[in-house]
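Asks: predicted structure and sequence below. I'll ask about it afterward.
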Amino acid sequence: MTTTLATPRATTDPVFAERYRAIASRDRRFDGQFITAVSSTGIYCRPSCPARTPKPENVTFYLTSAAAHEAGYRACKRCLPEAVPGTPSWDLGHDLSARAMRLVADGVVDREGVDGLAAHLGYSPRHVHRVLVAELGAGPVALARALRAQTARALLTGTDLRLADVAFAAGFGSVRQFNDTITEVFDTTPGELRRRARRDRPALPLRGSGGHVPDGPGVVGDDGGTTAVLDLTLPLREPFDARGVFAFLAARAVDGVEVADLAGPVLSYARTLALPHGPGAFRATYGPPPGRAHGTARFHVELELTSVADLPAAIARVRRLFDLDADPTAVDAALAADPALAASVRADPGIRVPGAVDATEILVRALVGQQISVAAARTHLSRLAVALGRPFASRFGPTLLFPTPAQLAEGGADHVRGPARRTAAILGVARALADGSLALSSADDPAAQRAALEAMPGVGPWTSGYVAMRVLHDPDVLLDGDLALRAGAAALGLPDDRRTLTAHAERWAPWRSYAAMHLWRAAAPRPSSAPTKETP
């Protein structure tokens, strides 16, 4: 990722010119991809801000709101630049800054500090700070502060949570710090920010926040603790192939861990989560708002959290699971240029590559699903969950947490079924994850992760590629040895032999993971005469 702090104030610079055209046309496709700071007003905006287009000489572009904060700008009250989808390059990139941003979004800086962030990345704190300032315009502390401000804004405008509870849910260390940051970033107090939002729309309720909100009972978890329940709407970029991604998750839903409902105009998917401060769950829905059958569809998420401090981590994982920060316009334009994919892109615009809420779970799913059908893998995984998963009764339907590596290592020998080599691989990986000799996260270096995985007995390129696609969200993976993918290629009139397909797929770079989703979808209606591997 090579973007400087600010582009020159001259339209002769091609990057500046492109971004200036985007703000002049108020193009929503660029929301979240950069920030527009205006020196004559001292504010920063999203690209689609409806205000008058500023003069080029007054404009500075930043990649992050944190960089704009550091430069002394405050957020626009009209366009609310914090309420936009995430930056696609952070979601898809694999350089140090992109990997760091994933950890910041997951709350690592708040939980473990800059030293903890640097330890996860394998560099010194000083080097991480230097790279982030150079690439994104702000260091890790400023980036985490900006994320806290964004989370607080969402809670203030979307819930009835007490202001003090908003402060700690967003990750602030004190109410005073919360008040000072909101005032500095949004040029208004937290209370006024909430009142202004309520003039436009009613707030959604938050219930059960440790007994602080009296309008509903708390949810009692299996440890007897009260769980906060929050309702939020998450932004995304259209088009959004909602039915495709919800159907993908429904087809692989593990009994007890996940529950999906694809009937009716509102799609629903719920599952449990293992979060840093304790277990939780969420239910995501996509469709018109309640009582408005023909209203504009929205992505709505309800969360159950043992601790409100896990809110940023939970939201980050939901966004990655549903690929909400993708740039569908760029993906569709590139893939539609191939005549073999053009019809599929027209039929399913905005296709997504589902991510992961837990890296180790995806690895176990991949190993269990090798050389068997999706349905068979689901059956095996459901049996493992029932036998080894920890109970967690969610009001959304799920009743179990997916087994941890430690649980699989301890009790998996009695419940893992299948060929001896695959069983040994699953148990070996579980033991390595449990004792720390193998580590896995969404912020891993891709080459290092693949090397570490393929060094494990029974783990080959298909499995490491599957994990890269789901966990690292690598946009350019093509599992060319996958039988279902090759069947889909044949259905679309593409070559289905491995070598020729791989050569043809070079034209899809850097979006081969998204192209693979089109191929798998083309294969889905066709009954297979032989079992295939689980596909992303």
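Replies: All right, it came through fine. Residues are numbered from 1 along each chain as shown.

Asks: what is whatever helix or strand Gly113 lives in packed up against?
Replies: Secondary structure assignment for Gly113, by DSSP states H and E: helix 108-121. Of the remaining helices and strands, those touching helix 108-121 by 3 or more Cβ pairs under 8 Å, 6 or more residues apart in numbering; DSSP states H and E are helix 96-105, helix 125-136, helix 140-158. The C-beta positions use only the backbone N, C-alpha and C, and glycine is treated the same way.

Asks: rebuild those helices as TSV, extending it with mean neighbour count, mean pLDDT and distance to Cys45.
Replies: Converted to TSV, the helices and strands packed on helix 108-121 look like this (neighbours: other Cβ atoms under 10 Å; pLDDT from 0 to 100; distance: least, Cβ to Cβ, whole Å):
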stretch	mean neighbour count	mean pLDDT	distance to Cys45
helix 96-105	23	89	21
helix 125-136	18	93	18
helix 140-158	23	90	15
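
Asks: in the stretch 401-536 of the chain, which spans are strands?
Replies: With strands called from DSSP state E, counting those that start in this stretch, the stretch 401-536 of the chain shows none.

Asks: buried sites along stretch 170-190?
Replies: 170-172, 178-179, 181-182, 185-186, 188, 190 (16 or more other Cβ atoms under 10 Å).

Asks: can you pull out the helices in the stretch 301-450 of the chain?
Replies: In the stretch 301-450 of the chain, the segments counted as helices under DSSP state H, counting those that start in this stretch are 311-321, 328-336, 339-347, 359-368, 374-388, 405-411, 420-435, 446-454.

Asks: equivalent analysis for the stretch 151-300 of the chain, please.
Replies: If DSSP H, counting those that start in this stretch is used as the criterion, the helices of the stretch 151-300 of the chain fall at 163-169, 175-186, 190-200, 242-251.

Asks: mind putting the ones you listed into a markdown table with distance to Val109 and mean pLDDT?
Replies: Formatted as a markdown table, the helices of the stretch 151-300 of the chain follow (distance: least, Cβ to Cβ, whole Å; pLDDT from 0 to 100):
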| stretch | distance to Val109 | mean pLDDT |
| --- | --- | --- |
| helix 163-169 | 16 | 89 |
| helix 175-186 | 14 | 92 |
| helix 190-200 | 22 | 83 |
| helix 242-251 | 29 | 97 |
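
Asks: need the distance between the two termini of stretch 410-420.
Replies: Its start and end residues considered, stretch 410-420 measures 18 Å (Cα to Cα, to the nearest Å).

Asks: any idea of the mean pLDDT for that stretch?
Replies: Averaging pLDDT along stretch 410-420 yields 92.

Asks: reformat the buried residues of stretch 170-190 into TSV and put distance to Asp338 next to each item.
Replies: Written out in TSV, the entries for the buried residues of stretch 170-190 read as follows (distance: Cβ to Cβ, whole Å):
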residue	distance to Asp338
Ala170	44
Gly171	44
Phe172	48
Phe178	50
Asn179	53
Thr181	47
Ile182	48
Val185	44
Phe186	45
Thr188	49
Pro190	50
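
Asks: now for these: which two are most distant?
Replies: Across the buried residues of stretch 170-190, the longest distance by Cβ to Cβ is 20.0 Å; it joins Gly171 and Thr188.

Asks: which of the helices and strands packed on helix 108-121 sits closest to Thr272?
Replies: Each of the helices and strands packed on helix 108-121 was checked against Thr272 via Cβ to Cβ, and the shortest separation belongs to helix 96-105, namely 20.6 Å.

Asks: where does the stretch 1-150 of the chain have low pLDDT?
Replies: Along the stretch 1-150 of the chain, the parts satisfying pLDDT under 70 run over 1-11, 89-93.

Asks: spatially central residue in this structure, please.
Replies: Of all residues in the chain, the one closest to the mean position by Cα atoms, centre = their mean is Arg320, 1.5 Å from it.

Asks: quick one, what contacts that one?
Replies: Shown here is Arg320, whose contacts under the criterion Cβ atoms under 8 Å, 6 or more residues apart in numbering are 91, 355-357, 442, 473.
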